[in-house]
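Undergrad: Model the structure of this input:
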Amino acid sequence: FFCHLPIEHRPSSPSIPRRPLPSIEYQVVSAFFGVLSICTHLHQSVSTSNEKMPDANGMILAKEEENDAEVRREDQDKINEFGQLNARLHEVRNEVNQLKKLLEKIDDASTELMMGNGDKVMLRLGEAMFEASEDEATEFCEAEVERHQEVLDKLTEEEGDILEKQAALKKILYGRFGKSINLEEK
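TA: Numbers count the residues shown, from 1 in each chain. Next up, the predicted model:
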């Protein structure tokens, strides 16, 4: 997430007046878990009407496209919220992928049980192995699929909610900062 906005120099002494620094780029590098990593880069102060500043994707912003909007506290809170939502979205997607793999393994085990010849099978629960009939093992697999499918459905619903909230925040933040902020992933 990148945000190119001007900053004012704020001297430590209240008696010294504030003065703007020549062309400082304020770049919000990431907003994960509510913590912002911030970089500042001093640009050459050769100011022409055609001067361009790189945006978050390495492309060049024309001087007219630059946004001089000040970052207010509520804007910063929205950027932080977006970052937290994005971090949670990645966690949810990872959990969904892991659950899908687990469900696939359970399905494979169920298929193997169906092709069995009625013998006893070893059922693994955590670190322990238990001897069980094919019917008991099949029931166990069905119960596990049902339990994991409920969790998967909840995570999918949470992913949808996160995407809705992010869309609303993007609308607000892009409306305020325009192309000076990038909330898209590469």
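Undergrad: Which other helices and strands does the longest helix along the chain contact?
TA: If each helix of the chain is counted by residues according to DSSP state H, the longest one is helix 134-177. If contacts are counted by 3 or more Cβ pairs under 8 Å, 6 or more residues apart in numbering; DSSP states H and E, helix 134-177 sits against helix 73-114, strand 121-125. Any C-beta I mention is one placed from the backbone N, CA and C, and that applies to glycine too.
Undergrad: need the contact list for Lys120.
TA: By Cβ atoms under 8 Å, 6 or more residues apart in numbering, Lys120 lies in contact with Glu131, Ala132, Ser133, Glu134.
Undergrad: Buried ones only from those residues, please, as a ChimeraX command.
TA: Buried residues among the contacts of Lys120 (16 or more other Cβ atoms under 10 Å), as a ChimeraX selection:
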select :132,134
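Undergrad: coming back round to it: need the helices and strands packed on helix 134-177 in CSV with mean neighbour count and distance to Glu159, can you?
TA: Supplementary listing: those in CSV, determined by neighbours: other Cβ atoms under 10 Å; distance: least, Cβ to Cβ, whole Å:
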stretch, mean neighbour count, distance to Glu159
helix 73-114, 15, 5
strand 121-125, 12, 30
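Undergrad: Those: which one's closest to Gln166?
TA: helix 73-114 (5.3 Å; Cβ to Cβ).
Undergrad: other SSEs contacting the closest one?
TA: Counting by 3+ Cβ pairs under 8 Å, 6+ apart, helix 73-114 packs on strand 24-32, strand 35-42, helix 134-177.
Undergrad: got the angle between that helix and helix 134-177?
TA: Angle, helix 73-114 to helix 134-177, by axes from the mean of the first three to the mean of the last three Cα atoms, to 10 degrees: 160 degrees.
Undergrad: on that earlier part again, do you know which of the helices and strands packed on helix 73-114 lies nearest Met114?
TA: Using Cβ to Cβ, the helices and strands packed on helix 73-114 put helix 134-177 closest to Met114, at 7.6 Å.
Undergrad: what angle separates that closest one from strand 121-125?
TA: Using the same axes, to 10 degrees: helix 134-177 against strand 121-125 is 40 degrees.
Undergrad: State the mean pLDDT of helix 134-177.
TA: Averaging pLDDT along helix 134-177 gives 94.
Undergrad: got a list of contacts for stretch 159-174?
TA: With Cβ under 8 Å, 6+ apart, stretch 159-174 has contacts from 75, 78-79, 81-82, 85-86, 88-89, 92-93, 96, 181, 183.
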